[in-house]
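*Asks:* Only the shape, not the letters, is given here:
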C-alpha cells in the first residue's frame, strides 16, 4: 500500500459515511486545516494522533497504515506542475496573475525577503454575503529577511 | 515598446526614486493591491487612471505607453509554470502542498464548486509579532457552485 | 480500484452491451452531457443517482464503486496538457488558434472579465446539413467581471 | 517587423482610439469573429481586405504590414501549451474537464470521427439573463468520419 | 486488463508464433495498415471483426478483450510527445524538418487549409532498388479549405 | 540578421509579389520540395543556387544573406516539440496515431531497422477527386537495417 | 518488487520502530550519509553490507531484496526535475539562485573546471545557535580542470 | 537595458581586465559570495554599494544601471529547470541523487521542517589535497520546524 | 510481465550471482555490447539467441519471456529526456556541450549529412593510464549524405 | 553582442570564405576539436588564442568580442533538451538507446563510477570503407569511482 492509496481509502470512506473533517480534527486535537492536510498525505502524525484519527472515522488502521501516517511524507499534493482541478487551479491562477504584485508589496513593506511557507498558518472560513457567500482564506507566514553573508 | 518593457521602466523608476506603491494608489483612488497589479501589467487602467499614476510617479506617459496601460493584458505575471523567485515560489508551494486540503475543506463547507479568482479581493498586511513580524495575506472569492445542466 | 479503473469498466460495459448515454441520463434525471461527465469521472453523483445509473446500465455497483462515484473528483479528463486524441485535440486547437480572438470579442462586448466554466452549460447536437452533418456545440457561461479591490 | 509586433500595434491603436472590432468587420465584409481572428494573426487577408481593415481603423498599412497580413500565418495564438490568461484558460479548462465527455457523446451520435476545426464556424453572443448576463459561444464543425483504408 | 496490456499480448503472441499482419488483415477483410492500427489500439473494430482477428491469430478473445477492441480508443500510440524509438522518430523528424515546407507547398497548390488526417489513407510498400531497397509511404488526405465565417 | 529573419523576409516578399515556389525551383534547377525547404532554412544552398534563387524572386541577396543561405543550418523548422499550426499538426498526428502501426509493418516487411530521413525523397501532389481533391504525399527512404556488432 | 517499493518498506519500518539511520550506519561500518543514501536507493551495497543493514533494522532481507540492494541503481532520488518537497526544494533553490555565483567563484579560484559530484563527500550536522539551531551541510568535491585536447 | 544585459557587461569587463570578485567584495564591504551574487543579478544593492562596486571595477554605472542593481530582482540565475552548464549541473546532481538522503538525515536530527534558503550563508573555499585540491562548499541555514496550526 | 520487468529480473539475477555480460555474450555468439543492449531491452534476439542467453545465465526463460526478448522493442532505455543517472548524464552532457562542434567537424570533413545511429558499431574498452585508467568509447557510423530531391 | 551572435558571425564568415576549422586550429596550436568547440562558444580562449584565431580567419576581433571569447561560457550548445538537428539528434539517440548498456558495461569493467566528461578527449576521423565511408568518434574519459564517505 502506498500513501496515495491510503489517502484514497480515507477519502472514499469519509464520503460514503458522510464524516466531517472538523469532527476528525476535534478528535485529534488540532485545527481542521492541519488534520485534513495530514490525512491528505502532506503532514506526519504521531502514532497517537493517527490512532485517534482512525477511531474518529471508524477506520481501524493497520500497523502498515499507521507507519505511513507517521512517516514524514515527500510533500506535493498535486500530480502536475500546473493543477488541472478547477478549484485548485484558481489558487494557482492567483499566484500566476498576482505573484509579482504580492512580491512588490511585501518587499515595499518588509524589505527583501520572503513569507515563510513553513512557519505558516492557514484558516479557511465561510464569509456570508447577500451577493453570494464567499470563501475567505487567511494565511500568515513569518517574514524572513535575506541576510548578507 | 512591449508591456514587459514598460513594467521594467516603471519598477526601475520607482526603485531609483524611492516612490511608494501606496502613494501611487492614493493618487489613482484604488487599493495598493489593485494599482500595483495594474502597473505590473495584470490589470487595465482607464486613460484617467493611467495619467494619474504617471503623474504620481513623475513619469509623463507617452500615448503609446498609455495605450499599453489601457489594454486588457494577456495575464500571467511569471515567466515559467513553476516560479523561480523564492518569494513567489513560497506562494506556489502553498498550493502544491495544501491544494488538496483547501479543496477538501471548501467542498465540505460549501459543496462542489470553486472560489472565484475573478470576483476576488486580496489584502496584504504586516502583522506585528514579538517572535518576528508576519506577512498576512487575506483573500476572499465568491463561492461558485457547479450546477447541473 | 481507482476512479480511472471504474471509468474503464463502465465504458467497456457500455460498448459491449450497446447502452446509450442518453438512456442512462434519462434514468438519472439529468442531461446526457452532465451524466456522461459524471460517469467519465468529472462530476460527483449522489448515492441515489449513482444507484440509478448502475441500474440503468445493468451494473450493480459495489459500495466501493458507489463511494468513488459520490466523491468530488480531482478533475481533469485528459492525460497530458496537450491531448493526443484527434477528436479532443480539435477542441484544443480551437482554443489554441482562436483563444485570443474570443478574448478580444468577449472583452469588447462585456468589458474585462471571463466566461465562467463553473456556472456553465453545454449542449451537443447534430445539425443536419446536405453538405455533411455538423456537430454543434453550444456553451454558455455567466460573464464574471473583474472587480476593483 | 514580426506579425506579433503588428498585432500589438493594431490592438494598442484600437484600444487608444476605442475602435470596435465589429465596425472593422463591417468594412471588411466578414463576421466580427473572422476579422478579429485575422487581425490577431490567425487568418490571412487578401490585399483588398487588409487595406479595408486598415482604412476602417485609421491605420495606413505599409507594404511590409500588408505582406504580413496577407501571409498564411503559422497558427497558434497563445504562447504556452496551457494558457495563463484567465479568460482563455477557462476555455482550455472546458476541454480538460469535459473533453472525454464531448468525445463520448459525439461518438455516440455520429460514430467514430471528429468535429472539424477547419470547416468550422464560431459565433459569440451576449445572452441576457436576470441572474447575470451570459456569454454564449456556438461552434459548428462538419463531422468527419474515420474511414477504413 | 487495459488496452495497452491487450496490445502487448497480441504483439508477443504474433512474434512468438510468427503470424503476419497481412494474413490477419485478409481474415478481417481490410487493408494491412488499417487492421494493424486497430490491433495496435488506435482504431475500433466491430465485434465480428474482433472475433475474426482473434481467430486468425489463434487467440480466443474473452468478452473483456472484445469490449476493449470494440471501444473507440483514446488515440495516441506513442508514450511521449517526441518519440524515442528510432524508426518512429525518423517520421517525426520529417515533420520537424520539412513541416514548414509541406505547409508552404500545400498552401501554394490549394490555398489556405489542411490535409485531413481523418479522411485519410496510408499505404506502405517496399520499393526495390539496386542501391538498397526503400520504404515507400504514400499518404492521401482530403484537402479541407478554411472557410470564412 | 538571423536565418529566421531571412526566412520571414523571403516569405513576405513571395506573398506580396505572388511568386511561385515552383518557378524559383525551376531557376535553381531542383525540385520544388527541395528548394522550398532550402529557402525555409532547412537545407544549405551553394553560392550559385542562392544567387539564382534571389534573382528568380527579384531579391538581390547581400553577402550576409548569401552566407546564411550557404551555411548548413541547425535544422528544425517548428518552434515547439508539438506543432501548433493545424496543417503541420495533422502531419504530427499521423505519427502520433499511426507511428506504431508503421513500425510494425515496416519491421514485418524488412526486419529490424528504420526508414532513412536522410537518404530520403518527398513529393507533394494534388490528386483530383470528385469527392474533393486530395493532398498526396509520397515519401521514400532507404531502409537501413540494424546490424549486429 | 521494485527498488522504490523496497525503499518505502525500509522507511516505513524505520519510522514505525523508531530506528536511527546512524545506528544502521554503525552496523554497516560507514557514515550515516552514505548508508542512508544506499538504503534510499542511490548507492549499491555489498552482500555483507546489505545483510548487516537488514540485521541492524530487524529486517531479514530476502534474496530478491538483497539483489536489489546490491545492484548499482539507476540514480535519481526525486520524481520530477524540480522537486516538490519543500525541504528538497530549498536545496534546489540554492542552485537556482546561487548557481552562477558558485560557478563564478570556483572558476576565479581554480580556473575552468568543475567540482566533482563523484569524488565527493557530504556531511550534515546540527550547529547550535541561540537564534535557532542551524543545519550545516558541508560538501567537498575534487576540482577537475577542463583539459585541452 | 535589462538586468541580464548588465550582468553580461559586468562579467565581460571583469574577464577582459582580470578583476577579482574578492577585490570588488572588499570595496563593497561584504563577502565575495554575497557581492558576486549581487552582481550576477540575484541580490539587490544599495545605491552606495552599487556605486562602490562600479568604482572598484572601473565601471561608471549610469543611473539606469544603478536602478537595475538596486531593484530586488526576480531571482533565478539559470535559464532552464535543469542546468546545462556542467559546473552548475554537478550541484543539481547532488540534489537529484542525495536529496532524499539529506531530507532523511535532517528530519532524523531536527524533526519535520526545512533548512532555510533565506536565513542562509554560503562559503566556498579551496581545500588543499595531495590527491588534487578540492572545492569545499559550506552552507548553513536556520532550521525551520513545521508548526501545527 | 512487461519487458521492463524482465530487464529488472535479468539484472538482479546477474548481480546476485555475479554473472558477466561478456560470458553471456560468448554464449550467444555476439559482442558484449550487442548482447547487453539486447538483454537491456533495446535489441531483439532470435529464439535461439534468447534460449542461449538464458542458459548462460542459469535462467530458464518461459515462452512469455522468450516472446518479449524476440519482439522488436519500442526503443528508448532511459525514463526521461534528460537522464538523471550520473554515468548516463555524462554521455548526454557530451552531446549537450560538444554537439555543435561534432556537427561542424563532420560537415567540414564529409559535407552535409549525418553519422548513422543504425549502421553503427560501438566498442567500450579500459585504457590503462598511470594517471588513472580511462574509459574509451569508440563509435563508428556510416556517413549518410543528404541528397537533393 | 551576445556570445550566440558572435558564434553566428564566425560561422557565416567561415562558410562564405571557405575557411577550414583545422587551419584555424593549427594557428591556435590546439586540436581541431578543441578549437572548434571554443569558437562554437563552449570553451574559453586566452587573449592570445583568441587573437590568433581571429587572425587566422581574417576577422579582427574587437575588445568586446575578445572578452566574450575569453569568458568561461555558460555551457550548453543546443537550444532544447532534445536536439532537433538530425546530425546532433543521432548522437542523442545513441545515449537514449544504448545509455543503459554503456552503464552496465562500464560498471562491469570498472565498478561503480562514471566516465568523466571533463578529463575527457574527443577525436573525430573519417574511416574509409568500400561500403561507404564512416564517421569514427573516439572519446576517452578518466574513470572516476564513487567513493564511500
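*Replies:* Yep, that arrived. Just so it is clear, the structure is predicted and the values come from calculations on it, not from any experiment. Numbers count the residues shown, from 1 in each chain, chains lettered A, B, ... in the order given.
*Asks:* contacts and neighbour counts: CA atoms only from here.
*Replies:* Fine.
*Asks:* for the helix or strand hosting residue A:102, which positions count as buried?
*Replies:* Under the assignment given by DSSP states H and E, the secondary-structure element containing residue A:102 is helix A:86-110. Neighbour counts using 16 or more other C-alpha atoms under 10 Å in any protein chain shown place A:86-108, A:110 of helix A:86-110 among the buried residues.
*Asks:* Give the other helices and strands that that helix contacts.
*Replies:* Helix A:86-110 makes packing contacts with helix B:32-39, helix B:86-110, strand B:113-127 when contacts are defined by 3 or more C-alpha pairs under 8 Å, 6 or more residues apart in numbering or on different chains; DSSP states H and E.
*Asks:* Run the chain-centre distance for it.
*Replies:* Taking C-alpha atoms, centre = their mean, to the nearest Å, one finds the center of helix A:86-110 at 18 Å from the center of the full chain.
*Asks:* Show residues contacting that helix.
*Replies:* Helix A:86-110 has contacts (C-alpha atoms under 8 Å, 6 or more residues apart in numbering or on different chains) with A:82-83, A:113-114, A:143, A:145, B:20-21, B:33, B:36-37, B:40, B:42, B:75-78, B:87-88, B:91-92, B:95, B:99-100, B:102-103, B:113-117, B:124, B:126, B:135, C:75, D:84, D:86, D:93.
*Asks:* Which residue lies nearest the spatial centre of chain A?
*Replies:* residue A:37 (3.8 Å; C-alpha atoms, centre = their mean).
*Asks:* Would you check that that one makes contact with residue A:45?
*Replies:* No - counting by C-alpha atoms under 8 Å, residue A:45 is not a contact partner of residue A:37; they are 10.3 Å apart.
*Asks:* Domain parsing of chain A, as residue ranges.
*Replies:* With automatic domain parsing as the criterion, the domains of chain A are listed as A:3-70, A:86-145.
*Asks:* Got the phi and psi for residue A:59?
*Replies:* In terms of degrees, to the nearest 10, the main-chain angles of residue A:59 are phi -110, psi 130.
*Asks:* hang on, I meant residue A:143
*Replies:* Taking degrees, to the nearest 10, you get phi -80, psi 130 for the backbone angles of residue A:143.
*Asks:* Excluding chain neighbours, what is closest to residue A:45?
*Replies:* With C-alpha to C-alpha, 6 or more residues apart in numbering or on different chains as the measure, residue A:70 is the residue that lies nearest to residue A:45, at 4.9 Å, once sequence neighbours are left out.
*Asks:* and what of residue A:34?
*Replies:* Take residue A:34 and drop its neighbours on the chain: the residue closest to it by C-alpha to C-alpha, 6+ apart is residue H:149, 5.9 Å away.
*Asks:* So what's the residue count around that neighbour?
*Replies:* Neighbour count of residue H:149, defined by other C-alpha atoms under 10 Å in any protein chain shown: 14.
*Asks:* check contacts around it.
*Replies:* Going by C-alpha under 8 Å, 6+ apart, residue H:149 touches A:30-31, A:33-34, A:120-122.
*Asks:* try residue A:56
*Replies:* Residue A:56 makes contact with A:23-24, A:27 under the criterion C-alpha under 8 Å, 6+ apart.
*Asks:* can stretch A:115-133 be found next to chain D?
*Replies:* No - using C-alpha under 8 Å from any C-alpha of the partner chain, no contact is recorded between stretch A:115-133 and chain D, whose separation bottoms out at 11.0 Å.
*Asks:* and the residue of chain A found nearest chain I, what is it in contact with?
*Replies:* Per C-alpha to the nearest C-alpha, residue A:80 is where chain A lies closest to chain I, at 15.6 Å. Residues near residue A:80 by C-alpha under 8 Å, 6+ apart: none.
*Asks:* Can you tell me how far the residue of chain A found nearest chain E is from residue F:69?
*Replies:* Ranked by C-alpha to the nearest C-alpha, the top residue of chain A for proximity to chain E is residue A:80, at 15.6 Å. Applying C-alpha to C-alpha, to the nearest Å, one obtains 42 Å for the distance of residue A:80 from residue F:69.
*Asks:* picking that back up, part of a helix, is the residue of chain A closest to chain I?
*Replies:* No - under the criterion used here (DSSP: H, G, I helix; E, B strand; the rest coil), residue A:80 is coil, not part of a helix.
*Asks:* Residue A:76 falls within a helix, correct?
*Replies:* No - checked against three-state DSSP, residue A:76 lies outside a helix; its state is coil.
*Asks:* Report the spatially closest residue to it, excluding sequence-adjacent ones.
*Replies:* Counting by C-alpha to C-alpha, 6+ apart, residue A:76 lies nearest to residue B:97, which is 4.7 Å off, once chain neighbours are set aside.
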